[in-house]
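Student: Got a predicted structure here, sequence first:
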Amino acid sequence: MHYDHQAIMDAGEDIGEGWKKAVITLAEGDSAYSGVSSKWDYSGPGVVVYRMHPSGWEISPSDGAGRRYL
C-alpha cells in the first residue's frame, strides 16, 4: 500500500495549536509520501511519524523505515 499526501493528512489527529500528528506503520512493501522530496518515498517495514502544521512538517522515520528512490 502507498500512503500519499492526502492519506497522511486524513490520518492526522489534532494535537493543538494548529498541529496534527499522523503515525503511519509501514509493512514490508508499503511506502509513504516523503514530504520533503519528489525523488523518494519512505518504505517499510517501519514507522513514520508526521507532525503537520500550516507552516511546515516535521517527519521522523524509525524502526527500520528507509528510503525508496522513485
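Tutor: Received the coordinates, thanks.

Student: The spatially closest residue to residue 47 that is not a sequence neighbour and residue 21, how far apart?
Tutor: Nearest residue to residue 47 in three dimensions, chain neighbours excluded: residue 63, at 4.6 Å (C-beta to C-beta, 6 or more residues apart in numbering). Where you see a C-beta, it was placed from the backbone N, CA and C, and this is true even at glycine. The span separating residue 63 from residue 21 equals 16 Å under the rule C-beta to C-beta, to the nearest Å.

Student: These two: who's more crowded?
Tutor: Here residue 63 and residue 21 are compared on neighbour count by other C-beta atoms under 10 Å; more neighbours surround residue 21, at 15 against 11.

Student: Pull the distance from the helix or strand hosting that one to the chain's centre.
Tutor: Residue 21 is located in strand 19-26, with elements delineated by DSSP states H and E. For strand 19-26, the gap between its own C-alpha mean and the chain's C-alpha mean amounts to 6 Å (C-alpha atoms, centre = their mean, to the nearest Å).

Student: mind checking how far the residue nearest to residue 47 is from residue 54?
Tutor: In this view, residue 63 and residue 54 are 28 Å apart by C-beta to C-beta.

Student: ok, for residue 50, nearest residue in space, not its chain neighbours?
Tutor: For residue 50, the nearest residue in space outside its immediate sequence neighbours is residue 22; the separation is 4.5 Å by C-beta to C-beta, 6+ apart.

Student: Tell me the buried residues in the strand holding residue 21?
Tutor: When burial is assessed from 16 or more other C-beta atoms under 10 Å, strand 19-26 yields the following buried residues: 20, 22, 24, 26.

Student: residues in contact with the closest residue to residue 46 other than its chain neighbours?
Tutor: Distance criterion C-beta to C-beta, 6+ apart; nearest residue to residue 46, sequence neighbours excluded, is residue 65 at 2.8 Å. Neighbour list for residue 65: 26, 32, 42-48 [criterion: C-beta atoms under 8 Å, 6 or more residues apart in numbering].
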